[in-house]
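Novice: Return atomic coordinates for the entry below.
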Amino acid sequence: MRTMALCVGMFLLPVTVWAEKAEEKAAPSSVKAEDCGAYMKAKAPLPKKLSELVEQVALNMDAHAKWMSGNKDKASKAELKFVKKMAKDHHALAALAKKIAAAMASVSLEAAPHDMAKMPPEVGSTTAKMVTLSKEMSALLKADAAATEKMMAQPKTAKK
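Specialist: All right, here's what the predicted structure looks like:
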């Protein structure tokens, strides 16, 4: 690299010129340093929020089970058994999602070389599917929230 004076009109302007000898030209590299740790940190709020939502569903199921526990008929007993099992499974899922979120939020990785020319096609296809599923989940969550709000707005009356 060297600096030369370039005459433009009446002014001399310093211009940096890069030496471009054939042997100095490097082939474009397909290797990029990717900071996947930062990517994981940025994604950590997703399993964290999933954990919070699933835990709330579990707590709601626990409350429902408590409500149903006084009933002695066959249908209520079957419902109670199923709701308790689902609550337990939801608590476990929430705990796992919380653990994953904490690990992702605290990760500290150096940017590592990724050879983009060797990227498996599944990386692109699974990422595209992840985007599609995120949009579908968003729509399901919005519809479920609206249905639940509608149910909650109905008057609470006991059947006689």
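Novice: Let me see the ranges of the helices in this protein.
Specialist: Taking DSSP state H as the test, the helices found in the chain are 36-43, 45-68, 74-106, 121-153.
Novice: tell me the phi and psi of S30?
Specialist: The phi/psi pair for S30 (degrees, to the nearest 10) reads phi -100, psi 0.
Novice: That one reaches H114, doesn't it?
Specialist: No: using Cβ atoms under 8 Å, S30 makes no contact with H114, being 9.1 Å away. Backbone N, C-alpha and C define where each C-beta goes, glycine included.
Novice: okay, those two: which has more neighbours?
Specialist: H114 (15 against 11; other Cβ atoms under 10 Å).
Novice: okay, now the residue lying closest to A33 once chain neighbours are set aside: neighbour count?
Specialist: The spatially closest residue to A33, leaving aside those adjacent along the chain, is A111, at 4.0 Å (Cβ to Cβ, 6 or more residues apart in numbering). Using other Cβ under 10 Å, A111 is surrounded by 12 other residues.
Novice: so A111 makes contact with Y39?
Specialist: No: the pair A111 and Y39 fails to qualify as a contact (Cβ under 8 Å) at a distance of 10.5 Å.
Novice: if we can go back for a sec, can I get the helices of the chain in a markdown table with mean pLDDT and mean neighbour count?
Specialist: As requested, the helices of the chain are exported to a markdown table (pLDDT from 0 to 100; neighbours: other Cβ atoms under 10 Å):
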| stretch | mean pLDDT | mean neighbour count |
| --- | --- | --- |
| helix 36-43 | 95 | 14 |
| helix 45-68 | 98 | 16 |
| helix 74-106 | 98 | 15 |
| helix 121-153 | 97 | 10 |
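Novice: picking up where we left off before, look at the residue nearest to A33 and report its pLDDT.
Specialist: Per-residue confidence at A111 stands at 93 (pLDDT).
Novice: Give me the phi and psi for it.
Specialist: phi -60, psi 130.
Novice: ok, now which ones touch it?
Specialist: 33-37 (Cβ atoms under 8 Å, 6 or more residues apart in numbering).
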